[in-house]
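K.L.:
Pasting a predicted model and its sequence here:
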Amino acid sequence: MADATTDDTVEEEAVPTDERREALLATITGELGEAVLGSHIRAGDDLWVRVATDAWLATATFLRHGMECRYFNFISAIDWQPSPFGRDMDAMVDHALDGTTAKEPDPVPIGYAGRDARFQVFARVNNVVDHWGITVKVDVGDDLAVDSWITEYAGANWHERETWEMYGISFRGHPDLRNIYLPTDFEGHPGRKDFPLLARQVKPWPGLVDVELLPGETDDAATGADAEEGPA
């Protein structure tokens, strides 16, 4: 006879939901339709939406006027390509004291809401009346260009200039794409993963490799070269 106290069913762990952000996503999808290529909701925290390249400006227009997102935070970009220069471009926390790599590099991430390109442009806006925000993303095609947002958000002007300078991504309709930080004739885009940080090849990132000598201490003592011989 089966034990009445025995329950062979395993209760599934409840998946957190966020009805408010699900409703926001439904509103955006209802307006943009198939132009919404991906999304991610972190319940109780945030919402990410990825849109088609040709819907980038239309997304800004709808967010500002249709969803009352009047506060502009930023526009920037990300280069998902791993550094071709290896781990010497990364923090020294990933290296052992003897210079060998302490762990294998993590796989290249896809990012919230997915991606189909090496470069993505992303922007953050808020509805300050209803107290919610959204991060919108767009894949950058081979022409390395997306539409400018400055017709909807004047504050995007400076951010798009910075993104153009650091990543080489153009913004169609921007009236004045010119350098902010770098000399006019500077070659390359320092935000890209394939831009060599030569200063870090000469001197590694500070951290495990930087050992400051104590008064009266020698290099061997600081690096533990005499450790096998025991204490003095």
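P.N.:
Everything's here; your move.

K.L.:
going forward, measure contacts between C-alpha atoms and count neighbours the same way
P.N.:
Will do.

K.L.:
buried set for stretch 53-60?
P.N.:
Across stretch 53-60, burial judged by 16 or more other Cα atoms under 10 Å covers 53, 55-60.

K.L.:
next one: phi and psi at the closest residue to Trp132 other than its chain neighbours?
P.N.:
Using Cα to Cα, 6 or more residues apart in numbering and skipping residues adjacent in sequence, the residue nearest Trp132 is Asn126, 5.8 Å away. The phi and psi values for Asn126, taken as degrees, to the nearest 10, are phi -140, psi 150.

K.L.:
Then Pro175?
P.N.:
Torsion angles, degrees, to the nearest 10, at Pro175: phi -80, psi -10.

K.L.:
can you check Asn179 too?
P.N.:
phi -60, psi 150.

K.L.:
Enumerate every residue touching it.
P.N.:
Listed by Cα atoms under 8 Å, 6 or more residues apart in numbering, the contact set of Asn179 reads 161-162, 165.

K.L.:
want to try a markdown table for these, with neighbour count as columns?
P.N.:
Output for the contacts of Asn179, formatted as a markdown table (neighbours: other Cα atoms under 10 Å):
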| residue | neighbour count |
| --- | --- |
| Arg161 | 23 |
| Glu162 | 22 |
| Glu165 | 22 |
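
K.L.:
Let me know the closest of the residues you listed to Leu144.
P.N.:
Glu165 (12.4 Å; Cα to Cα).

K.L.:
For the closest one, give me its contacts.
P.N.:
Contacts for Glu165 (Cα under 8 Å, 6+ apart) come out as 178-180, 182, 189.

K.L.:
ok, now Thr135?
P.N.:
47-49, 122-125.

K.L.:
May I ask which helix or strand encompasses it?
P.N.:
strand 132-139 (DSSP states H and E).

K.L.:
Packing partners of whatever helix or strand His40 lives in?
P.N.:
Using DSSP H and E, His40 maps to strand 36-42. The contact analysis (3 or more Cα pairs under 8 Å, 6 or more residues apart in numbering; DSSP states H and E) places strand 36-42 against helix 19-32, strand 46-51.

K.L.:
and the angle for the shortest one with helix 19-32?
P.N.:
What it means is strand 46-51. Strand 46-51 and helix 19-32 are oriented at 10 degrees to each other (axes from the mean of the first three to the mean of the last three Cα atoms, to 10 degrees).

K.L.:
Contacts for strand 46-51, please.
P.N.:
For strand 46-51, the surrounding residues in contact (Cα under 8 Å, 6+ apart) are 21, 25, 35-41, 59, 112-115, 133-139.

K.L.:
What are the buried residues along that strand?
P.N.:
For strand 46-51, by 16+ other Cα under 10 Å, it's 47-51.

K.L.:
that older thread, go through the contacts of Thr135 and name the one nearest Ala156.
P.N.:
When the contacts of Thr135 are compared against Ala156 (criterion: Cα to Cα), the nearest one is Ala123, at 9.2 Å.

K.L.:
which residues does the closest one bridge with?
P.N.:
Per DSSP bridges, the residues bridged to Ala123 are Ile75, Val136.

K.L.:
residue boundaries of the helices in this structure?
P.N.:
19-32, 56-61, 156-167, 198-202, 219-223 (DSSP state H).

K.L.:
No further questions, thank you.
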